[in-house]
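Colleague: build me a model from this:
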Amino acid sequence: MNINEFLKPSIPKILVTLVLPAVVYVFLTFSLEGVLDFYWYLLTPYYRVYADVLYREFNWFILLWVPFYLSACLMEAGYKRGMRD
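Modeller: Next comes the predicted model:
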């Protein structure tokens, strides 16, 4: 399998990528209460901060989509390899 095939988007990869943040949040906090807030952090590139003046800061949580997608790619590759054996 080459890198292009490994990273090529597919429906299962996208679905796993969208569900994986909720699973990670629940395992880290043992609570379902803030799952939507966690998704809000993942989807907001900038947030407003008021410190005498209003300014915007980059939200580093948005970069968590990269490991979530790579994890989905690994899961699909493992599943395909298991089906092939």
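Colleague: switch to C-alpha atoms for all contacts and neighbour counts from now on
Modeller: OK.
Colleague: hang on, F6 in a helix?
Modeller: Yes - the assignment for F6 (DSSP: H, G, I helix; E, B strand; the rest coil) places it in a helix.
Colleague: so that it lines up with my notes, have the first residue be 15 from now on.
Modeller: With 15 as the first residue, the last one maps to F20.
Colleague: distance of it from S85?
Modeller: F20 sits at a distance of 11 Å from S85 (criterion: CA to CA, to the nearest Å).
Colleague: ok, the two, which is more surrounded?
Modeller: More neighbours surround S85 than the other of F20 and S85, with 16 against 13 (other CA atoms under 10 Å).
Colleague: Three-state assignment for that one, please.
Modeller: Going by three-state DSSP: S85 is helix.
Colleague: could you find the closest non-adjacent residue to it?
Modeller: T31 (7.9 Å; CA to CA, 6 or more residues apart in numbering).
Colleague: which elements pack onto the lowest-mean-pLDDT helix or strand in the chain?
Modeller: Across the helices and strands of the chain, mean confidence by mean pLDDT, DSSP states H and E is lowest for strand 60-65: a mean of 89. On a contact count with 3 or more CA pairs under 8 Å, 6 or more residues apart in numbering; DSSP states H and E, strand 60-65 meets strand 67-72.
Colleague: the residue nearest to S85: neighbour count?
Modeller: By other CA under 10 Å, 20 other residues sit near T31.
Colleague: look at it and give its secondary structure.
Modeller: Once three-state DSSP is applied, T31 turns out helix.
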